[in-house]
Each structure stands twice: as structure tokens, then as C-alpha cells.
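Novice: next one to model:
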Amino acid sequence: MPENIEIKATAREWQRLLAAAEKLSGAAAALIEQWDTFFTIPSGRLKLRQITHDRGELIFYQRPDQPGPKLSAYTVTHTDTPESLRDTLARALGISGEVRKRRWLFLCDKFGGHSRIHLDEVKGLGHYVELEVVLRQEQLPEEGERIAGEIRNALDIRDEDLIECAYVDLITAHCGP
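Specialist: Residues are numbered from 1 along each chain as shown. Coordinates of the predicted model:
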């Protein structure tokens, strides 16, 4: 299973973050509208991400709820029928929550790794930043944590900004603000 090192935080000074992320990536962001539907499963998280009416991703991931860097193992299956798949999974498993967001995606190849910087405007919650350091097969989690720390410093993400859980947990009040 592929793995990331992830950090999620509240976003202070949105415009400054946008400019800093663009500078780090060396390119403008790709703006993506996403609708994530989470399904009830015994462990981990299963979500269907709808990007357009004919493009989606079914994503299963396991990640601890803790502030700061965390290891996330995941699998992604692409679909061209996200609405039909959503209905089938909803009937089979039940829906545990939904997240709608606008995501500014920046790709960063600095500090010895490949990372995704997400600046998210989450409906009903506000603005957040999420870092995902994509680990290569031979790369240790500690190296990913170092890279995430470098990006975190460059974006001025402070300890008090860190969030331990997923957006869906914030929406459904399964963890603190």
C-alpha cells in the first residue's frame, strides 16, 4: 500500500499561505472542487471523492488521529461512475459523513521528496492546510517527517494550528476544533 506522511492544520493568513505555497511549488495552484462521501466501516476510512459527474476516486486509508506528522497508508481506485458507486456503497455500508471543499493543489519537489500542499476551503468549517509527503518505496517515514517539517516551517504552520483528525470528524464533531 502506498504511504504518505501527513500534516493537517487550520490556515492562518490565507493569502500569505497561497503565496508561500506557490513560491514553494514554483507554479500556480490547480483548483479542484471535491465532494467526499465517507462510508461506515469497522476500521480505517473509506471515502468516495467525486470530482466531476464522470470522475471519482474510491479511497481507503488508515491513519492515526494525532496532531503533527502521521503515517497514512492508502489505496485509490478510479471510477467513471461515481454517483452510481456512491449509491451502491451507501446502501451496502451506510454514510458516516460528507465533506465538500474547494482545494488549491500545489506540487512541491523540494527538501528531498515529492509533496502535495493542499489549501482547502471546507464548507461549514473554514480554511485549512494539508501537507502530504509521498513516500517512495525505499523511503523511511522519518525522512518524510523531516520533509514535512521543512514545508511546515516554510509555510509557518505552528503547533497550535495542528489538527489531529479528518475534516469529516470535525464536521460530525468526533474531535475537537
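
Novice: quick check: bridge partners of the most centrally placed residue in the chain?
Specialist: Geometric centre of the chain, nearest residue: residue 130, 5.6 Å, by Cα atoms, centre = their mean. With DSSP bridges as the criterion, residue 130 is bridged to residue 8, residue 118.

Novice: got the buried residues for stretch 3-21?
Specialist: By neighbour count on 16 or more other Cβ atoms under 10 Å, the buried set for stretch 3-21 is 3-11, 17-18, 20-21. Backbone N, C-alpha and C define where each C-beta goes, glycine included.

Novice: do the same with stretch 160-172
Specialist: 161-163, 165-171.

Novice: which ones among these map onto strands?
Specialist: When DSSP state E is applied, the buried residues of stretch 160-172 are split such that 162-163 fall in strands.

Novice: include distance to residue 59 when you put the buried residues of stretch 160-172 into a markdown table, please.
Specialist: Shown next, in a markdown table, are the buried residues of stretch 160-172 (distance: Cβ to Cβ, whole Å):
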| residue | distance to residue 59 |
| --- | --- |
| 161 | 25 |
| 162 | 22 |
| 163 | 19 |
| 165 | 16 |
| 166 | 11 |
| 167 | 13 |
| 168 | 12 |
| 169 | 16 |
| 170 | 18 |
| 171 | 17 |
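
Novice: out of the buried residues of stretch 160-172, which is nearest to residue 124?
Specialist: Closest approach between the buried residues of stretch 160-172 and residue 124, by Cβ to Cβ: residue 171, at 6.2 Å.

Novice: let me see the mean pLDDT of the biggest helix by length in the chain.
Specialist: Using DSSP state H, we find that the single longest helix of the chain is helix 141-154. On average, the pLDDT along helix 141-154 is 95.
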